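Asks: got a sequence here, can you model it:
(2 chains)
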Amino acid sequence: MAVVFEKPKSLTDVQLHYCPGCPHGIIHRLVAEAIDELGIEGKTIGVAPVGCAVMAYDYFACDMIEAAHGRAPATATGIKRCRPDNIVFTYQGDGDLASIGMAETVHAAARNENITIIFVNNAIYGMTGGQMAPTSLPGQVTQTSPYGRDVNHCGWPIRVSEMLSTLEGPEYIARVAVNNVKNVKNAKKAIKKAFENQIAGKGFSLVEVVSACPTNWGMTPQQALAWVESDMLPYYPIGVYKDRTAAKEAEGK
Amino acid sequence: MAERVLMKGNEAIAEAAIRAGCRHYFGYPITPQTEIAAYMAKKMPKIGGVFLQAESEIASINMVYGAAAAGMRVMTSSSSPGISLKAEGLSYIAGSDVPAFVVNVQRGGPGLGGIQPSQSDYFQATKGGGHGDYRMIVLAPASVQEMASLTIKGFNLADKYRMTSMILADGTIGQMMEPISFEDAEIETYEKPWALTGTEGKRPHNIVNSLYLQPDQLEKTNFERYERYKIVEENEPMWEEYMMEDAEICVVAFGIASRVAKNAVVAARNEGIKVGLIRPITLWPFPTKPLAAAADKVKSFISVELNMGQMIEDVRLATGCKRPVTLCNRTGGMIPSPEQVLESIRNAQKGE
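Replies: From the prediction side, this is the model:
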């Protein structure tokens, strides 16, 4: 019988632990497909975060390390500086990357560290049961903002891609989403580009993936994807926020 | 005759680390250890190594974690408040069983404390510092020569046992200059099949990790790690004994305090007091054997420390509280004079 659909080689056979309707499975697949297509599985080293994707080290078939909460860009820096010929990526959530790990994120970007970061923004702390994240929207109800996020009390959500793109350092900053087929396809392109940039030695490439958390948002998977479109994407617009190579090429024309 | 060079304690650590094969240094500025970073910043680019000033102590220890997991000899250095920040990473490094080398050139605490020499991080270094069940090999140099030789030893031990070796020095030894030699340095190398190198499609993926959600697995991992620690405790304690043959009083001191104590021991001998010194060189594993043996011979012990009395607890444990142990100390960056230690010895002689 002909095989018409396979899982990427860069994913192991371990069953994912994610909740029903969680887009982490899609995003894992996109990362693995990019690694497969670029033929870099044998030299890729992945850094897992603390958060829902904490066990990503079991899912990706390349060498993996589990970092401390928020420290993945620093740990990745240590690896990449030792093994510049390897491909090093981190896979991090919003609490990990944009709250506790913001310093590590900003400085890795400022150094133009030649690593790839997959940043999954679902506007909530999923693993710990749905607390307010640095990216939770104004008015968003979470376990620790039970009356809705009050920006006068706890401030505004952080637009990571916009903020990082103000830095001279990074090569490539893009925001994508995985709430429909078209967006998934574009997300794949951006993720692949973020790895290609590293292979070419261009430097820090971060793809922010606007994701969903049906379980902690208290929605069905369909409702969650609709909420991404109606509420998340207006605050976190899809787009390429920085692409140094493309900008240079445009200048040259 | 071996070539001798005049060096600062902190620079001796840096040079010894390079000679031990360390090509990656990640750090963050803090007094009084900055010479280490400055030396590395100058030397590393010229020998194909990496010096990187991180954005924080937290980032630098996590860079060390990554580099260690990648199989490299790597180090960071800091001083007391900075080591507190590195404690998180030290725990992860221990939980992931990767070898690292860390230097703490201690200053007075707690809090921001001061910038003068201290030994007040003894508990932090020998009892944990970070969370969870783990140990670090803690080496306490008492001279610039030992800053160098214990650095090389520290790298060897870290690789041998897949754990962190820490140099627990102080601002005095870090800053003072003495002639030293690197000639006797023996560099050991160990295979690292667990390291992150990329699978090259030739083996299953390596995972460097400290997460075990099943409690029985975490327990098993901790049990196995402590079996390794037991071997360290059996094989690696280091100490120096001075005038202990006929001693009736035993002074215990490490690092810079031991040099003051040695002067006081000589002065007391001149007064006819039978006193000797045991100097722990490894603080973990603590040299319990010579102390237990001394407890059967001497009348009492004096623990000389630059803190409020931390090692004294280990002296009491090692001696099974068989003999009284008194404390002779200064803290906050102050150093006891030989006269102060001598007075303690006289008091011990009188049985006070």
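
Asks: quick one, helices of the chain?
Replies: Answering for chain A, as no chain was given. Listed from the start of the chain, chain A has helices (DSSP state H) covering A:24-38, A:56-59, A:72-82, A:94, A:102-110, A:151-154, A:160-164, A:181-199, A:214-217, A:221-227, A:233-235, A:244-252.

Asks: you looked at the wrong chain, it should be chain B
Replies: In chain B, the segments counted as helices under DSSP H are B:9-19, B:34-43, B:57-69, B:80-95, B:122-127, B:144-161, B:171-175, B:215-235, B:255-270, B:288-295, B:311-318, B:338-349.

Asks: can you lay out the ones you listed as a markdown table showing mean neighbour count?
Replies: Every residue, glycine included, has its C-beta placed from N, CA and C. Formatted as a markdown table, the entries for the helices of chain B read as follows, by neighbours: other C-beta atoms under 10 Å in any protein chain shown:
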| stretch | mean neighbour count |
| --- | --- |
| helix B:9-19 | 26 |
| helix B:34-43 | 19 |
| helix B:57-69 | 31 |
| helix B:80-95 | 24 |
| helix B:122-127 | 21 |
| helix B:144-161 | 24 |
| helix B:171-175 | 25 |
| helix B:215-235 | 13 |
| helix B:255-270 | 22 |
| helix B:288-295 | 18 |
| helix B:311-318 | 20 |
| helix B:338-349 | 19 |
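
Asks: contacting residues around the residue of chain B most remote from its centre?
Replies: Distance from the C-alpha centroid of chain B, by C-alpha atoms, centre = their mean, peaks at residue B:201 (40.1 Å). Taking C-beta atoms under 8 Å, 6 or more residues apart in numbering or on different chains, we find residue B:201 in contact with A:41, A:42.

Asks: 6 Å - rerun?
Replies: The neighbourhood of residue B:201, defined by C-beta atoms under 6 Å, 6 or more residues apart in numbering or on different chains, consists of residue A:42.

Asks: pLDDT below threshold where in the stretch 151-253 of chain A?
Replies: Within the stretch 151-253 of chain A, no range satisfies pLDDT under 70.

Asks: just list the residues touching the residue in it positioned nearest to chain B, thanks.
Replies: When scored by C-beta to the nearest C-beta, the stretch 151-253 of chain A has residue A:169 as its residue closest to chain B, at 12.4 Å. For residue A:169, the contact set (C-beta under 6 Å, 6+ apart) comprises A:109, A:110, A:112.

Asks: check residue A:221 too.
Replies: Under the criterion of C-beta under 6 Å, 6+ apart, the neighbours of residue A:221 are A:21, A:214.

Asks: and it, how far from residue B:26?
Replies: Counting by C-beta to C-beta, to the nearest Å, the gap between residue A:221 and residue B:26 amounts to 42 Å.

Asks: ok, residue B:197 next?
Replies: Relative to residue B:26, and taking C-beta to C-beta, residue B:197 is found at 20 Å.

Asks: for those two, indicate the residue with more neighbours.
Replies: A count of neighbours by other C-beta atoms under 10 Å in any protein chain shown puts residue B:26 above the other of residue B:197 and residue B:26, at 29 against 19.

Asks: leaving out chain neighbours, which residue sits closest to residue B:142?
Replies: Ranked by C-beta to C-beta, 6 or more residues apart in numbering or on different chains and with sequence neighbours excluded, the top spatial neighbour of residue B:142 is residue B:258, at 5.0 Å.

Asks: pLDDT weak spots in the stretch 1-150 of chain B?
Replies: Applying pLDDT under 70 to the stretch 1-150 of chain B flags the ranges B:1.

Asks: which residue packs closest to the closest residue to chain A within chain B, ignoring adjacent ones?
Replies: Closest contact between chain B and chain A, by C-beta to the nearest C-beta, is at residue B:66 (2.7 Å). If you skip the residues right next to it in sequence, residue B:66 has residue A:78 as its closest partner in space, 2.7 Å away by C-beta to C-beta, 6+ apart.

Asks: and the residue nearest to residue A:24 when sequence neighbours are not counted, how far from residue A:43?
Replies: Spatial nearest neighbour of residue A:24, excluding adjacent residues (C-beta to C-beta, 6+ apart): residue A:18 at 4.7 Å. Between residue A:18 and residue A:43 the distance, using C-beta to C-beta, works out to 27 Å.

Asks: could you do residue B:250 as well?
Replies: In this structure, residue B:250 and residue A:43 are separated by 57 Å, where distance is defined by C-beta to C-beta.

Asks: cool, and residue B:32?
Replies: The separation that residue B:32 has from residue A:43, given C-beta to C-beta, amounts to 42 Å.

Asks: next: residue B:352.
Replies: If you measure residue B:352 against residue A:43 using C-beta to C-beta, the figure is 69 Å.

Asks: which one's more surrounded, those two?
Replies: In terms of neighbours (other C-beta under 10 Å), residue A:43 is the more surrounded of residue B:352 and residue A:43; the figures are 20 against 10.

Asks: neighbours around the closest residue in space to the more buried one that isn't next to it in sequence, how many?
Replies: Residue nearest to residue A:43 in three dimensions, not counting chain neighbours: residue B:198, with 3.8 Å by C-beta to C-beta, 6+ apart. Burial of residue B:198 is recorded as 23 neighbouring residues (other C-beta under 10 Å).

Asks: now do the contacts for residue B:28.
Replies: Neighbouring residues of residue B:28 by C-beta under 6 Å, 6+ apart: B:54, B:56, B:57, B:60.

Asks: residue B:35 now?
Replies: For residue B:35, the residues meeting the contact criterion (C-beta under 6 Å, 6+ apart) are B:8, B:10, B:11.

Asks: quick one: those residues as JSON lines, columns for distance to residue A:7 too.
Replies: Shown next, in JSON lines, are those (distance: C-beta to C-beta, whole Å):
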{"residue": "B:8", "distance to residue A:7": "58"}
{"residue": "B:10", "distance to residue A:7": "53"}
{"residue": "B:11", "distance to residue A:7": "54"}
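
Asks: circling back to that earlier point, return only those of the contacts of residue B:28 found close to chain A.
Replies: Checking these against chain A by C-beta under 6 Å from any C-beta of the partner chain, not one of them is in range.

Asks: I'd like the residues you listed as TSV, with distance to residue B:149 appended.
Replies: As requested, the contacts of residue B:28 are exported to TSV (distance: C-beta to C-beta, whole Å):
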residue	distance to residue B:149
B:54	28
B:56	31
B:57	26
B:60	25
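
Asks: quickly name whichever of those is closest to residue B:270.
Replies: Closest approach between the contacts of residue B:28 and residue B:270, by C-beta to C-beta: residue B:57, at 46.0 Å.
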